[in-house]
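Peer 1: sequence isn't available, so here's the structure alone:
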């Protein structure tokens, strides 16, 4: 399979890249390319130009400051899984396979915004912030607002994600549980849990779901049931059942809607039990 | 800024197995095809959809699927293919282990499997069986059934750690 013909642009700066992308609305930014190149080969998209981002060093960094972790858009999944970020590193370790993790980037994932991607469950649970640069300047959006709908990030022509910022969640236990049909596949159901306990009592909990809606969601009511409680098996069962109400999956090659919904309960329970015992 | 139109050829330089190559490619050309045209036919086109890993090479120290990379992206990079592993006529320890442990039948997945194993053992010289299986989860074999491949990687890991060749060099 060959991609269709396209022009190729190698910008010298981020400013040049955003300017070119603004002037050419049918151009596409190329980060790791592990969603973009398959789409080209399948002729799902036919961009006029690809704009190579890999040379823009200002998009490739990972730093910790003041309780926050700043992750540059070009940080690869392998780099994230190696950097010990609570929850997010665990999610990174489940993305596709090692070769893909060596190329794929977090900025690419959230700009593409596949509804079955792994990171969104964690990013929504972590209250991640997305930093975006366009010609008009820099702006910040919560990941929740940034993810407008499936494959629909809040990006205007010429805007690029430059970094993702997450709190460091010191003292939290966490778990990401992914149900997949075969190793390296997209999630059928993905559940991310962040949890803080003090003296056996839950003081903060976040439950993020991916792959079972157009975009990742928080199971708010399920979270509330756990707050200030000392969770036992019975409560976890009820909480997991509540989380199921937040799933509105569609039937596809990976399973029926009914099956996926039931699996939300199973995976939520597994993620909670795993986080609680860590 | 450099701009190339869709029919324009781009001059690229690749260092493959230690030797520099210069070639001209269309922007849409995939790295796997360029490597094969340069004579590195150990780089196999398998599924062509970034699932099977037969096209795996090591680029600037990272294992990558060369069917999902543009040749222009690889400009100025250093690439190792399976042809670059043997030194002075002696097979690489991973190659030797694949031979000794019968880790192949048809051999189609083998170059990719070996390149991924080389990268895996560089990142993790003492992997558990689970880490090995996870480490080659991006490479599909349709005939050996993985058991002997995992055995070979375990053996290679041991030999590499002890810095011992499998066989007495002839």
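Peer 2: In hand now; what should we look at? Quantities reported herein were computed from a predicted structural model and do not represent experimental measurements.
Peer 1: tell me the contacts of residue 2?
Peer 2: If you meant another chain, say so; for now it's chain A. Going by C-beta atoms under 8 Å, 6 or more residues apart in numbering or on different chains, residue A:2 touches A:41, B:28, B:30. Bear in mind the C-beta positions are built from the backbone N, C-alpha and C, glycine included.
Peer 1: correction: the question concerned chain B.
Peer 2: A:9, A:10.
Peer 1: still on that earlier bit, next step: the contacts of residue A:2 restricted to helices.
Peer 2: residue A:41 (DSSP state H).
Peer 1: who wins for most neighbours among the contacts of residue A:2?
Peer 2: The most neighbours of any of the contacts of residue A:2, using other C-beta atoms under 10 Å in any protein chain shown, belong to residue B:30, which has 26 neighbours.
Peer 1: is it true that that one touches residue B:72?
Peer 2: No: look at residue B:30 against residue B:72 with C-beta atoms under 8 Å: they stay out of range, at 10.2 Å.
Peer 1: quick one, grab the pLDDT at the closest residue to chain B within chain A.
Peer 2: Closest residue of chain A to chain B, C-beta to the nearest C-beta: residue A:97 (2.8 Å). We have a pLDDT of 98 for residue A:97.
Peer 1: count the residues that sit near the residue in chain B that chain A sits nearest to.
Peer 2: The nearest approach of chain B to chain A comes at residue B:138, 2.8 Å away (C-beta to the nearest C-beta). By other C-beta under 10 Å, 24 other residues sit near residue B:138.
Peer 1: element containing it, please.
Peer 2: For residue B:138, there is no enclosing helix or strand under DSSP states H and E.
Peer 1: OK, contacts around it?
Peer 2: A:96, A:97, A:98, A:99, A:100, A:184, B:53, B:56, B:65, B:116.
Peer 1: ok, the closest residue in space to the first one that isn't next to it in sequence to residue A:44 distance?
Peer 2: The reference is to residue A:96. Among residues not flanking residue A:96 along the chain, residue A:184 sits closest, at 5.1 Å (C-beta to C-beta, 6 or more residues apart in numbering or on different chains). Remark: distance between residue A:184 and residue A:44 (C-beta to C-beta, to the nearest Å) = 20 Å.
Peer 1: low-confidence ranges in the chain?
Peer 2: As the question left the chain open, I've gone with chain A. Along chain A, no part satisfies pLDDT under 70.
Peer 1: wait, chain B was what I had in mind.
Peer 2: B:164-170.
Peer 1: around chain A, which positions in it sit nearby?
Peer 2: B:1-8, B:10, B:26-28, B:30, B:48-51, B:53, B:56, B:62-65, B:68-70, B:72-73, B:116, B:119-120, B:134-135, B:137-139 (C-beta under 8 Å from any C-beta of the partner chain).
Peer 1: ok so, going back, hang on, the residue nearest to residue A:96 packs against residue A:97?
Peer 2: Yes: under the criterion of C-beta under 8 Å, residue A:184 makes contact with residue A:97 at 4.1 Å.
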